[in-house]
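How does the following fold in three dimensions:
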Amino acid sequence: MHKLVLAISAEHADALLDGARDADHRTLPPARLPAKAYLAVVGTAAVVGECTLGEKTTRTKAGWTLPVTNVRRYKTAKPITSFGLAKIPRSFRYVEREDGAILTA
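Numbers count the residues shown, from 1 in each chain. Sure, this is the predicted structure:
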């Protein structure tokens, strides 16, 4: 399974992690799905949890619908640098090399 860091607002991250939302909407979704997504809150340089993004299903005004499963909130947020990134990406960034090796610490 591919792994990526997903930029997300604090409100949307909390909704996903609390179970209030079961999908994410992206104008330009990742091409390699399903994928394990690390939820990076914009403006904090921290990853607060992880989930699994499923294949895109339908297109709405908000963008492509990506089902979210296996949601897990971290007890303490992890710094974005532990994923090999200097800053949170604009939308998402894969965190593995082409040979499948993961860049995370």
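
where's stretch 37-45 relative to the chain centroid, distance-wise?
Computed by CA atoms, centre = their mean, to the nearest Å, the chain-centroid distance of stretch 37-45 equals 8 Å.

Give me the contact list for that stretch.
Here stretch 37-45 makes contact (CB atoms under 8 Å, 6 or more residues apart in numbering) with 3-10, 13, 16-17, 46-53, 77-81, 83, 87-89, 92, 95. Just so you know, the C-beta spots here come from the backbone N, C-alpha and C atoms, and that holds for glycine as well.

Now, of those, which are buried?
Buried members of these, counted by 16 or more other CB atoms under 10 Å: 3-8, 13, 16-17, 46-53, 77-78, 80, 83, 88-89, 92, 95.

What's opposite the spatially closest residue to residue 77 that is not a sequence neighbour in the beta bridge?
Distances taken as CB to CB, 6 or more residues apart in numbering put residue 46 closest to residue 77, at 3.8 Å, once the chain neighbours are dropped. Per DSSP bridges, the residues bridged to residue 46 are residue 41, residue 79.

taking the contacts of stretch 37-45 one by one, which sit in strands?
3-8, 46-53, 77-79, 92 (DSSP state E).

Let me know whether residue 1 touches residue 36 as I believe.
Yes. The pair residue 1 and residue 36 passes the contact test of CB atoms under 8 Å, sitting 5.5 Å apart.

what about the two, which has more around it?
Legend: neighbour count by other CB atoms under 10 Å for residue 1 and residue 36, higher for residue 36 (17 against 10).

Could I get the phi/psi values of that one?
phi -80, psi 120 (degrees, to the nearest 10).

So what's the model's average confidence on stretch 9-24?
What stretch 9-24 shows for mean pLDDT is 94.

Between the two ends of that stretch, how far is it?
One end of stretch 9-24 sits 11 Å from the other (CA to CA, to the nearest Å).

residue ranges of the helices in the chain, please?
Listed in chain order, the helices of the chain (DSSP state H) span 10-18.

where does it have low pLDDT?
Residues of the chain meeting the criterion pLDDT under 70: 97-105.
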